[in-house]
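[1] pasting the structure only:
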């Protein structure tokens, strides 16, 4: 059972990293699209601010996940 549990945990870790990347990209595209309605070069500012916001939001989400994962690993360890 331990091997299967490790497989599930590693899969969840990889998925969380993919979520961080995809959320950053999607927020950047959304920010660029929203700022493009203002015209001019504001879409670049929207792109950058969206990417930063998406990264910060997903990093906080990933931090919660990895914190819970660390707590789970520490409670399973037998000295």
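    Received the coordinates, thanks. All values derive from a computational prediction rather than experimental measurement.

[2] Next up, the contacts around the spatially most central residue of the chain.
    Taking Cα atoms, centre = their mean as the criterion, residue 20 is the residue nearest the geometric centre of the chain, at 2.3 Å. By Cβ atoms under 8 Å, 6 or more residues apart in numbering, the contact list for residue 20 reads 55, 58-59, 61-62. From N, CA and C alone the C-beta is placed, and that goes for glycine too.

[3] Which of the residues you listed are buried? Put it as a PyMOL command.
    Here is the PyMOL command that selects only those of the contacts of residue 20 that count as buried (16 or more other Cβ atoms under 10 Å):
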select buried, resi 55+58+62
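
[4] Pick the one among the contacts of residue 20 closest to residue 3.
    Nearest to residue 3 out of those is residue 62 (Cβ to Cβ; 24.7 Å).

[5] From residue 48, how far out is residue 41?
    According to Cβ to Cβ, to the nearest Å, residue 41 stands 11 Å off from residue 48.

[6] More neighbours: which of these two?
    Neighbours around residue 41 and residue 48, counted as other Cβ atoms under 10 Å, are more numerous at residue 48. The numbers are 14 against 10.
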